[in-house]
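**Q** The sequence isn't on hand, but the structure is:
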Ligand SMILES: O=P(O)(O)OC[C@H]1O[C@](O)(COP(=O)(O)O)[C@@H](O)[C@@H]1O
């Protein structure tokens, strides 16, 4: 990262690897709660482990996308400082993205975070964001958030030199998306419904093996920023627009520095400059395999990427609790 010009290049190379340890810790702790029907305990375990893991990362980090405000979140609240000291960076976290799916033992839960140089992330309030995303290597503006699903699919099919019938559109399985779903199906596309976890849904557009051509629909705005951070590294296009349910939400956005609350944010508007992104699978999904646990051991599957180099690494971690119990046991 460009924060400390005197720091050797090696330090930010190492930082990317340190971040994997943090999402691994959160995922392993959350994995103890997979399928146990208790999403708050799963989330609490992930938050606690992620917070502790940050203590050994050599950064002076400020949480800008976190678990909520100081008075509502005991840890990883917005404004909290994390890290053991080092370059000043901003942090976006979602220690357990997909709390309900983890509790229900369903696919797609991940532990994730992103790091940017100071001021690099959009300070998104915890409200909905309308989102549309496609993968890399396509003409700029091939899809647009204000175009109809049919128009977007037609343009996307043309750019990909495929038929609309070959395209898969991913969206959250919500009543509010029924018109989008109907329009996509009527246009001939196939729909992949996910119960939760739209960070993975958006990122899937940029992972050829995931089989997703376009992501569309409303999800959390903080999750939108995390997804944008991933796309900054892996490539792909995304547009997001905040959705306000009342004036208080609009005011809240303004108080967080969003001067034009109705603007359409692109990837660079949500995650600027040098960005790193890490995610570890909790339950198996399109993006990552979940934690595999055996007595005293766990295997984790993570993705870590940097915008500076465009390198994307898939990391399989084999963890032995008999030797290293403290970090990972909630
Ligand atoms: O469940 P809603 O209100 O449709 O919100 C959608 C958001 O919830 C999630 O599906 C899961 O979020 P949580 O992990 O906080 O439960 C996100 O991925 C998504 O952005």
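**A** Done, it's in. What you see is a predicted model, and the numbers here were worked out from it, not measured in a lab.
**Q** Can you pull the domain assignment for the chain?
**A** As recorded under the TED database, the domains making up the chain are 12-120+274-328, 128-270.
**Q** Which one of the ones you listed lies nearest to the ligand?
**A** domain 128-270 (3.0 Å; C-beta to the nearest ligand atom). C-beta coordinates here come from the backbone N, C-alpha and C atoms, glycine included.
**Q** Quick one: end-to-end length of the closest one, please.
**A** 15 Å (C-alpha to C-alpha, to the nearest Å).
**Q** what sits against residue 285?
**A** 107-110, 197, 200 (C-beta atoms under 8 Å, 6 or more residues apart in numbering).
**Q** Among those residues, name the ones in helices.
**A** With DSSP state H as the criterion, helices contain residue 200 from among the contacts of residue 285.
**Q** element containing residue 310?
**A** Taking DSSP states H and E as the definition, one finds residue 310 inside no helix or strand.
**Q** okay, now it: neighbour count?
**A** 12 (other C-beta atoms under 10 Å).
**Q** thought it was touching residue 231?
**A** No - between residue 310 and residue 231 there is no contact under C-beta atoms under 8 Å: 11.6 Å.
**Q** Apart from its chain neighbours, what residue comes closest to residue 254?
**A** Excluding the flanking residues, the one nearest residue 254 by C-beta to C-beta, 6 or more residues apart in numbering is residue 261, at 6.3 Å.
**Q** go on, residue 103?
**A** residue 39 (3.9 Å).
**Q** returning to that earlier point: show me what contacts the residue nearest to residue 254?
**A** 242, 244, 250, 253-254.
**Q** Counting only helices, which of the residues you listed make the cut?
**A** Those of these lying in helices (DSSP H): 250, 253-254.
**Q** For the residues you listed, could you give me TSV that also reports distance to the ligand, neighbour count and pLDDT?
**A** Shown next, in TSV, are these (distance: C-beta to the nearest ligand atom, whole Å; neighbours: other C-beta atoms under 10 Å; pLDDT from 0 to 100):
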residue	distance to the ligand	neighbour count	pLDDT
250	19	17	96
253	17	21	95
254	22	13	95
